[in-house]
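Undergrad: Dropping the sequence and predicted coords here.
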Amino acid sequence: MFKRKQGNGGSSGGEGGDGGLFARLKSGLARTRSSFTEGLARLVAGKKQIDDELLEELETLLITADIGVETTSEIIDAITDRVRRKDLTDPEAVVEAVRSHLIDTLTVDAPPVDWSPGEDRRVVMVVGVNGVGKTTTIGKLGARYRDRGLSVMLAAGDTFRAAAVEQLQQWGERIGAPVIAQDTGADSASVVHDAVQAAASRGTDVLLADTAGRLHTKANLMEELAKVRRVVNRLDADAPHETWLVVDATTGQNALAQAEKFHEAVPLTGLIVTKLDGTAKGGILVALTQRLGLPIRYIGVGEAAEDLRPFEPEAFVDALLDTGE
C-alpha cells in the first residue's frame, strides 16, 4: 500500500510544517537525544578512522535507542560498505550517514492529510491498547482540523469506559464539534454506525471515531474491532478512509507487537506515536516504519494540544540528532 520515498525530505503527515515549533519538538525529544545523540558524539570524538570498534559501538547505540535490529543492520552494512570503498573515511561524517539513513527509512510515500473543507469527506477510526491516549489524541486532532477550517464530528465508540465518553464530550464542547454517543456498555459498532450516518447527512468533513482500548493479544476483542470496521464499510465502501493506531513510545519494542496485531485485525493506514517526551527510546518510530511500511502521521511530544504535530521525517531526525536549526 505504501512505498518508501527515495530522498531525504518530505512529510508523511502532509499538513506542512508548524513553523517555530522545531524548538518544541527538540525539547520533547530531549530524553532520547541526551542518550543517543550525546553517545554518538562521544563515539566519534577524537577518532582518526572508522574502525571495527567504532562500528560495534555504533551498533549497540542504535539498538539501545530502539532503532530496531533491521534498521541498525542496514545502517552498519551501508557504512561498512562505504568505508570499504573509501567513500567514507572521516568518523565525524558517520553522523551525517546515520542521519541520511534514518530520514530515508522514515519517509513513506502515502496520501497526504491535507483535506479541504467542503471537498473531502473522511471517516477516521482511531485504535490502540488501553492507556496510550486515544481519546485525548482524538480531541487534539479535532482541534487541529477545526483550526484548519474543517467541520468535525466525534464518535464516542469507547463505550466500555464512561470516562472516555465524558472526556470526548468535553473535547466536543471545547472545539465546537458534535459528539455522537450512547450509554456506557452500548455496542461500539452501533455508535460508530450512527455517527457515520450523521456525518454523511450533515456533510461533515472529518468524523473521528474513538474505539475502546483493547489488548492486542485478546482475539475476541480484536474481532470486535474488525466488526466496527465492517459496519462502517457497509455504509460507505471507501470507509474508514483512515485507520490510525495510537502507540505509546514509552512501551518501546512492545509497540511493534501491538502494531502488527492491530494491522492484522484492521488494516492500518498510519500511526500516531504519543509520549515521545517521556522516553529515551524515540528510535521506536524508525523500527515501526521499517517493520510495517506505514507512515507516522502524528507524534506527541508534550501535553499541550500543539504538542501533537504532523510528523516530518527530516525535522524529527534533525531534532533527534541536534543537526537542525
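TA: Okay, I see it. Quick caveat, the model's predicted, so the values are computed rather than measured.

Undergrad: Just the helices from the protein, written as ranges.
TA: Under the criterion DSSP state H, helices of the chain are mapped to 22-28, 30-44, 52-64, 69-84, 93-106, 134-147, 162-175, 188-202, 219-235, 254-265, 284-292, 313-321.

Undergrad: for the record, mean pLDDT for the fourth one?
TA: Averaged across helix 69-84, pLDDT comes to 92.

Undergrad: The longest one now?
TA: When pLDDT is averaged along helix 219-235, the result is 89.

Undergrad: Okay, residue 137 and residue 57: tell me how far apart.
TA: Computed as C-beta to C-beta, to the nearest Å, the residue 137 to residue 57 distance reads 37 Å. (C-beta placed from N, C-alpha, C; glycine too.)

Undergrad: Neighbour count for these two, which is higher?
TA: Comparing residue 137 with residue 57 by other C-beta atoms under 10 Å, the one with more neighbours is residue 137, at 21 against 15.

Undergrad: Excluding sequence neighbours, find me the nearest residue to that one.
TA: residue 246 (5.3 Å; C-beta to C-beta, 6 or more residues apart in numbering).

Undergrad: who's in contact with the one you found?
TA: The neighbours of residue 246, taking C-beta atoms under 8 Å, 6 or more residues apart in numbering as the test, are 126-128, 132-134, 137, 271-274.

Undergrad: who wins for neighbours among those?
TA: Neighbour max across these (other C-beta under 10 Å) = residue 127, 28 neighbours.

Undergrad: Which pLDDT does the model give the residue nearest to residue 137?
TA: Reported pLDDT for residue 246: 96.

Undergrad: Please name the bridge partners of it.
TA: For residue 246, the beta-bridge partners are residue 272 (DSSP bridges).

Undergrad: how close does it sit to residue 114?
TA: Using C-beta to C-beta, residue 246 is found at 21 Å from residue 114.

Undergrad: what do you get for residue 249?
TA: Taking C-beta to C-beta, one finds residue 249 at 25 Å from residue 114.

Undergrad: ok, these two, which is more surrounded?
TA: Taking other C-beta under 10 Å, residue 249 and residue 114 do not tie; residue 249 has more neighbours (28 against 13).

Undergrad: Quick check: which ranges of the stretch 51-200 of the chain have low pLDDT?
TA: Of all residues in the stretch 51-200 of the chain, none has pLDDT under 70.

Undergrad: Which residues are in contact with the nearest residue to residue 255 once chain neighbours are set aside?
TA: Using C-beta to C-beta, 6+ apart and skipping the chain neighbours, the partner closest in space to residue 255 is residue 247 (4.3 Å). By C-beta under 8 Å, 6+ apart, the contact list for residue 247 reads 128, 132, 255, 258-259, 271-274, 288.

Undergrad: now, which of those sits nearest residue 148?
TA: Sorting the contacts of residue 247 by distance to residue 148 puts residue 272 at the head of the list, at 17.2 Å, by C-beta to C-beta.

Undergrad: The closest one and residue 299 touch, don't they?
TA: Yes - using C-beta atoms under 8 Å, residue 272 is in contact with residue 299, at 7.3 Å.

Undergrad: shared neighbours, these two?
TA: Common neighbours of residue 272 and residue 299 are listed as residue 308 (criterion: C-beta under 8 Å, 6+ apart).

Undergrad: mind checking how far the most centrally placed residue in the chain is from residue 245?
TA: Nearest to the geometric centre of the chain sits residue 272, at 2.7 Å (C-alpha atoms, centre = their mean). Residue 272 sits 7 Å away from residue 245, going by C-beta to C-beta.

Undergrad: Which neighbours do those two have in common?
TA: By C-beta under 8 Å, 6+ apart, residue 272 and residue 245 have no common neighbours.

Undergrad: What separation do you get for residue 289 and residue 269?
TA: From residue 289 to residue 269 the distance is 14 Å (C-beta to C-beta).

Undergrad: Name the residues contacting each of the two.
TA: residue 295.

Undergrad: Compare these two (neighbour count), which wins?
TA: residue 289 (25 against 21).

Undergrad: what about the nearest residue to the more buried one once chain neighbours are set aside, neighbour count?
TA: Using C-beta to C-beta, 6+ apart and skipping the chain neighbours, the partner closest in space to residue 289 is residue 106 (5.3 Å). Look at residue 106: counted by other C-beta under 10 Å, it has 25 neighbours.
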